[in-house]
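S.K.: 3D, please:
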Amino acid sequence: MSRKIKKPLPILNNVHIEGIAAEGQSIAHEEGKVLFVPFGAPEDICTVQIVKKKKHFSEGHIIALEKPSPHRIDPICTHFGTCGGCKWQHIPYSMQLEAKETQVIDALARLGGVSVEKQLPILGADHVFRYRNKVEFTFSNRRWMTSEEMQLSNGDGYEKGFGFHIPGRFDKVLDLHECHIATETTNRIRDAIRELTISETSQYSYFDLREQNGMMRTAMVRSNAKGDIMLLLAFAEDDEDSRNKLLSTLVTRFPEIKSLVWVINTKANDTFADLEVHCFHGNDYIMEQLGDLNFKIGAKSFFQTNTAQALKLYNVVKDFAALQSSDVVYDLYTGTGTIANYVARECCKVIGIEYVPEAVEDAKENSHINGITNTLFFAGDMKDILQSDFLEEHGTPDVIITDPPRAGMHPDVIKTILAAQPRKIVYVSCNPATQARDAALLVAGNYRILRSQPVDMFPQTHHVENVLLLTRNEK
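M.R.: Down below sits the predicted model:
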C-alpha cells in the first residue's frame with residue numbers, strides 16, 4: 001500500500017494582521033479560519049508561510065512584510081525573533097498593555113463565562129527594560145546556529161553556547177550576547193562566565209543535553225534593588241580544582257556577588273530543588289526590601305522576578321482584602337510568605353500553606369526577620385492539608401488569598417474553599433485562562449467577582465498577572 005503524500009502547505013500573500021492574541025501570537029483570518037502568526041503587529045500586510053493547518057485554525061510565520069504596520073517599532077535586541085523571550089519588542093508598550101488587558105477580559109468572559117462588576121485598567125511598569133531580578137542561563141555543547149553558520153562549521157553543530165533554550169528545541173541553546181530585560185550586572189557576569197569557559201581548549205566542558213555529560217550545566221543570577229548579586233552555578237561533574245578556580249575568579253571580578261553558591265546536578269533535568277546547595281562565598285542568601293519589610297531570598301526561594309511591580313501587585317492584594325483586625329487569613333501557595341507577611345499586620349493571623357518545604361522555612365524566617373508573630377506556615381500538598389480538621393484546628397478563614405502556579409487550583413482545593421465559605425477570596429494568577437476556569441467554579445459556588453485588576457509584571461512579553469476580588473453572596 002503506497003504512502004499518502006501530503007500536500008505542501010501554502011504560502012499566503014496579502015495577509016492582514018488584525019490584532020494581538022494570547023501567548024504572544026498575532027491574529028489574522030484565511031478562508032474564514034483563524035490564522036495565528038508570531039511576531040506580527042496590528043495592520044501589518046505580509047506574506048505568510050502556513051506551517052500547520054487544523055480544522056478551525058491555522059498557524060504560520062511571516063516570510064515577508066509587504067506593508068509594515070504603522071505601529072511597528074524596531075526591536076532593540078539583536079536576538080529578537082530567535083530567543084523567544086521578548087516576543088513583543090516590536091510593539092509599543094502602550095499597545096502591549098492594551099493587549100494584556102484585553103487578554104484578561106476575554107479569558108474571564110469567553111473561557112470562564114463570568115462577569116466582573118468593575119474591571120480596572122492595567123497597572124503598567126515604570127521600567128520596561130532591565131527589570132528582571134532573576135535570570136537563568138544554560139550551557140550547551142551544541143549551540144543553535146543559522147543555516148549559514150552550520151555550513152561554516154561543516155554542519156556538525158558542535159560549538160559551545162551559553163544562554164537561553166531555543167523554543168521547541170530542548171538540545172539547542174542560543175549563545176546569548178545581550179538581554180535587555182536583565183540587569184547590566186547580570187549581563188556582565190554572563191559574559192565573564194562565557195569568557196572564562198567557552199574556548200575550545202578550556203578545561204570547562206559544556207553540557208551535552210543529549211548524552212547527559214559535560215561539566216558546566218546551568219547558571220542562575222539573582223539581584224536585589226541595592227545591586228547585591230547571588231550567583232548559582234550548577235555542575236554536572238565534581239571537579240573541585242576547576243570549580244574553585246572559576247568561582248574564585250568570579251568573586252575577584254565582581255565584588256557585587258554577595259552570595260556565590262553551587263550544586264552538583266547529575267540528574268536528567270535541570271531542577272535543583274532536591275539537591276544540596278553549597279556556599280562558596282558570602283551568605284547562602286540575599287535580602288530584598290518590599291515596602292517596609294525585608295525578605296530573605298535563597299537559591300531555591302520563589303520571589304517575584306520584577307520587584308517594583310511586585311510591590312504594586314501586593315498593594316492590590318492588600319487593598320482588595322481590606323482586612324479587619326479580627327480576620328483569620330489563609331494564604332494558599334504562599335511560597336516564601338511574601339504576601340502572608342505583607343498583610344499580616346492588618347489582621348488577627350495568617351495561615352500560609354506551600355508545597356515546597358524549603359520555601360516554608362524561608363517564610364518562617366521572613367516573619368522572624370520582620371518581627372511578625374501572627375503567621376503560621378505549613379508544608380505539603382494543598383489538597384491534602386486543606387481539610388476540615390485543619391480548618392477546625394486553625395480557624396475558619398474570613399479571607400482566603402490564593403496565588404497558585406500556572407496550572408491553577410486543584411478542584412479539591414476549590415471544593416475546600418467553597419466549604420469554608422470565606423467572606424472574601426483574593427485570587428492572584430499568572431495565567432488568565434486557568435484563573436477564568438477556577439473563577440467559574442467559585443462563582444457557581446455562591447461567589448461573585450467584584451473587581452479585576454491586571455498588573456504587568458513582564459514588559460516585552462505576553463505574560464500578565466491578574467488579581468480578582470470575589471465576595472460571598474449572602475443567602
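S.K.: Now do the helices in the stretch 351-475 of the chain.
M.R.: 357-369, 382-385, 388-394, 411-420, 432-444 (DSSP state H, counting those that start in this stretch).
S.K.: do the same with the chain
M.R.: Here the chain has its helices, by DSSP state H, at 93-106, 147-152, 184-197, 240-253, 307-321, 338-343, 357-369, 382-385, 388-394, 411-420, 432-444.
S.K.: buried ones in the fifth one?
M.R.: When you say that, I think you mean helix 307-321. 307-310, 312-314, 316-318, 320-321 (16 or more other C-beta atoms under 10 Å). C-beta here means a position set from N, CA and C on the backbone, and glycine is covered the same way.
S.K.: The residues you listed into TSV, with extra columns for distance to V413 and pLDDT?
M.R.: TSV is the format used below for the buried residues of helix 307-321 (distance: C-beta to C-beta, whole Å; pLDDT from 0 to 100):
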residue	distance to V413	pLDDT
T307	28	96
A308	30	96
Q309	26	97
A310	24	96
K312	27	97
L313	21	98
Y314	22	97
V316	22	98
V317	18	98
K318	23	98
F320	20	98
A321	19	98
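S.K.: ok, those residues vs E240, which is closest?
M.R.: Nearest to E240 among the buried residues of helix 307-321: T307, at 35.1 Å, using C-beta to C-beta.
S.K.: Show the contacting residues for the closest one.
M.R.: 133, 224-225, 288, 290 (C-beta atoms under 8 Å, 6 or more residues apart in numbering).
S.K.: returning to that earlier point: taking the helices of the chain together, which one is wrapped up most tightly?
M.R.: Looking across those with neighbours counted as mean count of other C-beta atoms under 10 Å, the highest average goes to helix 338-343: a mean of 27.
S.K.: Residues touching that one, excluding its own?
M.R.: By C-beta under 8 Å, 6+ apart, helix 338-343 touches 290-291, 293, 295, 303-304, 310, 314, 317-318, 321, 323, 329, 331, 334, 350, 352, 363, 366-367, 370, 372, 375, 377, 401, 403, 428.
S.K.: Please repeat the previous calculation with a cut-off of 6 Å.
M.R.: Outside helix 338-343, the residues that touch it by C-beta atoms under 6 Å, 6 or more residues apart in numbering are 293, 314, 317-318, 331, 334, 350, 352, 366-367, 372, 375, 401.
S.K.: Likewise for stretch 103-119?
M.R.: Counting by C-beta under 6 Å, 6+ apart, 22, 432-433, 436, 439-440, 443, 449-452, 454, 466 sit against stretch 103-119.
S.K.: just these now: which is nearest C86?
M.R.: Distances from C86 to the contacts of stretch 103-119, taken by C-beta to C-beta, are shortest for A22, at 16.5 Å.
S.K.: list the contacts for the closest one?
M.R.: Neighbours of A22 in contact, by C-beta under 6 Å, 6+ apart: Q103.
S.K.: State the phi and psi torsions of the nearest residue to K100 once chain neighbours are set aside.
M.R.: Distances taken as C-beta to C-beta, 6 or more residues apart in numbering place V464 nearest to K100, at 4.0 Å, with adjacent residues excluded. Note on V464: backbone dihedrals following degrees, to the nearest 10 are phi -150, psi 140.
S.K.: Mind pulling up the pLDDT for V464?
M.R.: According to the prediction, V464 has pLDDT 96.
S.K.: ok so, going back, the helices of the stretch 351-475 of the chain: lowest mean pLDDT?
M.R.: Among the helices of the stretch 351-475 of the chain, helix 382-385 scores lowest, with a mean of 86.
S.K.: Centre of the chain to it, how far?
M.R.: Centroid displacement of helix 382-385 relative to its chain, using C-alpha atoms, centre = their mean, to the nearest Å, is 24 Å.
S.K.: other SSEs contacting it?
M.R.: Helices and strands touching helix 382-385, by 3 or more C-beta pairs under 6 Å, 6 or more residues apart in numbering; DSSP states H and E, are helix 411-420.
S.K.: Quick one: residues in contact with the helix it packs on.
M.R.: 382-383, 386, 391, 396-397, 400, 441, 445.
S.K.: okay, among the residues you listed, which ones form the most distant pair?
M.R.: T396 and L441 (19.9 Å).
S.K.: Mind putting the helices of the stretch 351-475 of the chain into TSV with distance to T471?
M.R.: Listed next are these as TSV, based on distance: least, C-beta to C-beta, whole Å:
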stretch	distance to T471
helix 357-369	27
helix 382-385	22
helix 388-394	20
helix 411-420	13
helix 432-444	10
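S.K.: So what sits opposite the residue lying closest to V15 once chain neighbours are set aside in the bridge?
M.R.: Leaving aside its sequence neighbours, V15 sits nearest to V48 (C-beta to C-beta, 6+ apart; 4.6 Å). On the basis of DSSP bridges, V48 is bridged to L12, I62.
S.K.: Am I right that V48 is in contact with G60?
M.R.: Yes: the criterion here is C-beta atoms under 6 Å, and V48 meets it with G60 at 4.1 Å.
S.K.: and for those two, which residues touch both?
M.R.: With C-beta under 6 Å, 6+ apart as the test, V48 and G60 both reach V37.
S.K.: So, low pLDDT: which residues of this protein?
M.R.: 1-6, 147-148, 150-158, 475 (pLDDT under 70).
S.K.: If we use 80, what do you get?
M.R.: 1-8, 22, 84, 146-158, 168-171, 200, 475 (pLDDT under 80).
S.K.: What are the neighbouring residues in contact with the closest residue to H394 other than its chain neighbours?
M.R.: Closest residue to H394 apart from its sequence neighbours, by C-beta to C-beta, 6+ apart: I351 at 5.3 Å. By C-beta under 6 Å, 6+ apart, the contact set of I351 is 330, 376, 394.
S.K.: same question, H462
M.R.: 23-24.
S.K.: Then the one 3 residues further on?
M.R.: Under the criterion of C-beta under 6 Å, 6+ apart, the neighbours of E465 are 430, 455, 457.
S.K.: Could you rerun that using 7 Å?
M.R.: 313, 428-430, 454-455, 457 (C-beta atoms under 7 Å, 6 or more residues apart in numbering).
S.K.: and stretch 160-172, which residues are buried?
M.R.: 160-166, 172.
S.K.: Could you list which of these belong to strands?
M.R.: Among these, the members falling in strands (DSSP state E) are 161-166, 172.
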